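# Next comes the sequence, and after it the predicted model I'd like to discuss.
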Amino acid sequence: MFILHRQDVEVSKLQHPHEDQFIFVLRYHGQTFQLLKTFEAGQPEEARAFWRDINDNHDRPCILLEEPQRYSVWGKVMAPLPS
């Protein structure tokens, strides 16, 4: 779907409603995405391959977020998350 940079998005964390952990979420143009996987800075090919696989084979829109210290892949949340 998209390859974006940190300044293009809003990243936050929310308390999981049923577990004692946080969920990392990314918001972009009114859409919400949940963190699926992170990659180290030296793994751009692996990050892009994972991103393409999710987009092409799992019918789930996702974002590849490129940052200097890491890459992360975020999948679109289909159900609303609490604010």
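Thanks, I have the structure now.

# which residues in this structure form helices?
44-57 (DSSP state H).

# Can you list the strands that the lowest-mean-pLDDT helix or strand in it pairs with?
Taking mean pLDDT, DSSP states H and E as the measure, the chain has strand 2-5 as its least confident helix or strand, at a mean of 89. For strand 2-5, sheet partners with direction are given as strand 62-66 (parallel), following DSSP bridges.

# quick one: contacts of the strand it pairs with?
Residues from elsewhere that reach strand 62-66 (Cβ atoms under 8 Å, 6 or more residues apart in numbering): 1-6, 9, 11, 26, 28, 33, 36, 44, 47-48, 51, 54-55, 71-76. Backbone N, C-alpha and C define where each C-beta goes, glycine included.

# Kindly format the C-alpha coordinates of the least confident helix or strand of the chain as CSV.
What follows is the C-alpha trace of strand 2-5 in CSV, where atoms were taken according to Å, rounded to 0.1, in the frame of the first residue of the first chain:
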residue,chain,number,x,y,z
PHE,A,2,2.3,2.8,1.2
ILE,A,3,6.0,3.3,2.1
LEU,A,4,6.1,6.3,4.5
HIS,A,5,8.5,8.1,6.8
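
# quick one on the thing from earlier: now the buried members of the contacts of strand 62-66.
Listed as buried from the contacts of strand 62-66 are 1-2, 4, 9, 11, 26, 28, 33, 36, 47-48, 51, 54-55, 71-76; burial here means 16 or more other Cβ atoms under 10 Å.

# Show me what the strand ranked longest in the chain is packed up against.
Secondary structure of the chain per DSSP state E: the longest strand is strand 31-40. Where contact means 3 or more Cβ pairs under 8 Å, 6 or more residues apart in numbering; DSSP states H and E, strand 31-40 is packed against strand 22-28, helix 44-57, strand 62-66, strand 70-76.

# State the distance from residue 37 to residue 29.
Separation of residue 37 from residue 29 (Cβ to Cβ, to the nearest Å) stands at 22 Å.

# All set, thanks.
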